[in-house]
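**Q** model the following, please.
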Amino acid sequence: MLKIFKYSFFDVLRSRWTIIYFLFFLISTLSLLYLSNSLSKAIASLMNVALAIIPLISIVFGVMHYYNSRDFIDLLLSQPIKRKDVFLGQFSGLASSLSASFFLGTIIPFAIYGVFVSGEIWDFGILAVAGLFLTFIFVALSFFISMINEDKIKGFGFAILIWLFLSVLYDGLILLFFVSFSDYPLETPSILFTILNPIDLSRVLILLKLDISALMGFTGAVFNQFFGTSSGMLVSFLSLIFWLTLLLWGIRHISQKKDF
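**A** From the prediction side, this is the model:
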């Protein structure tokens, strides 16, 4: 698995799309830091960019990488290599390369602006952790979608629909639910609905750390009220781990059962 990981990691890292991804975050972060002239404000602004771009790029690039690597995967499967090692090696290499591009594209500008000698280093750390989790979760989701759909067009379609649902439609549907059942206690459902969406989980995790109550919204306020800042962050963190673990189990299960 390690050799497959290394090959996939460096292969994707050399891709022009990965370089563009790195440059996008580098330029965006530098611009936000320059315009806001405040590390905490830049982190809050960068959060909105990261929560929209990271899931989209991760799931689309993951689907594209999987389908373009089918011949290579078939070759590896014909060798005396465990199936789970083939797919998990490909997944971890791709997710790690995208994570490196995101992390380097954001840490370099923040380092230039002195984040390591300021109190905002932990705020940036939470943003980086949330971005890394989103990258791994949505790359895993892209592999899961691709492995259950032989047709490339159908796989891309499902990937875009899932991203659109989790990024845009999900919050609208939850808001409609809250308005419709406003006469009932909604604290517990709001927490459950947040846990079911890794993007919302990441947003709550970052905002709890930044302690920006005005931007938390109903679910973030509930997390803060019921769990407190530290406990709410822990619940969000463990929920993201659960998401990633569940998707990795799904990839492993399909790789063992499906006839490729």
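**Q** from now on I want contacts and neighbour counts done on CA atoms only, so please keep to that.
**A** OK.
**Q** surely Ile54 is in contact with Phe136?
**A** No - counting by Cα atoms under 8 Å, Ile54 sits too far from Phe136 to count as a contact (9.9 Å).
**Q** among those two, which residue is more densely surrounded?
**A** Phe136 (26 against 23; other Cα atoms under 10 Å).
**Q** which of the residues in stretch 183-200 are buried?
**A** Ser190, Ile191, Thr194, Ile195, Leu196, Asn197, Pro198, Ile199, Asp200 (16 or more other Cα atoms under 10 Å).
**Q** filter those residues down to the ones in strands?
**A** Of those, none are assigned to strands by DSSP state E.
**Q** count of neighbours near Leu173?
**A** Neighbours of Leu173 using other Cα under 10 Å come to 12.
**Q** any idea how far Phe193 is from it?
**A** 10 Å (Cα to Cα, to the nearest Å).
**Q** tell me the residue in the protein that is farthest from the middle.
**A** Most distant residue from the mean C-alpha position of the chain: Asp183, 34.2 Å away (Cα atoms, centre = their mean).
**Q** in three-state terms, label that residue for me.
**A** Under DSSP: H, G, I helix; E, B strand; the rest coil, the three-state class of Asp183 is coil.
**Q** quick check, pLDDT for it.
**A** On pLDDT, Asp183 comes in at 73.
**Q** for it, give me phi and psi.
**A** Backbone torsions of Asp183, given as degrees, to the nearest 10, read phi -80, psi -10.
**Q** so, low pLDDT: which residues of the stretch 51-200 of the chain?
**A** 186 (pLDDT under 70).
**Q** distance check, Phe24 against Ser101.
**A** Distance from Phe24 to Ser101, by Cα to Cα: 10 Å.
**Q** buried residues, the helix or strand that contains Lys41. List them.
**A** Here Lys41, judged by DSSP states H and E, is contained in helix 39-68. Using 16+ other Cα under 10 Å as the test for burial, helix 39-68 gives 39-40, 42-47, 50-51, 53-67.
**Q** in the stretch 1-150 of the chain, which spans are helices?
**A** Listed in chain order, the helices of the stretch 1-150 of the chain (DSSP state H, counting those that start in this stretch) span 2-13, 16-36, 39-68, 70-77, 83-112, 121-148.
**Q** Leu247: which of these is closest?
**A** Among these, helix 121-148 comes nearest to Leu247, with 6.0 Å by Cα to Cα.
**Q** which one's more surrounded, Phe24 and Ser101?
**A** Ser101 (20 against 17).
**Q** list the contacts of the residue sitting nearest the centre point of the chain.
**A** Closest to where the C-alpha atoms of the chain average out (Cα atoms, centre = their mean) is Leu134, at 1.1 Å. For Leu134, the contacting residues are Ile54, Pro55, Pro198, Ile199, Ser202, by Cα atoms under 8 Å, 6 or more residues apart in numbering.
**Q** cutoff 10 Å now
**A** Residues in contact with Leu134 (Cα atoms under 10 Å, 6 or more residues apart in numbering) are 50-51, 54-56, 58-59, 95, 99, 128, 140, 198-199, 201-202, 240, 243-244.
**Q** quick one on the thing from earlier: winner for burial among the helices of the stretch 1-150 of the chain?
**A** When the helices of the stretch 1-150 of the chain are scored by mean count of other Cα atoms under 10 Å, the highest mean neighbour count falls to helix 121-148 (a mean of 23).
**Q** starting at the chain centroid, how far to it?
**A** 3 Å (Cα atoms, centre = their mean, to the nearest Å).
**Q** switch to numbering from 499
**A** Right, with 499 as the first residue, what we last looked at is helix 619-646.
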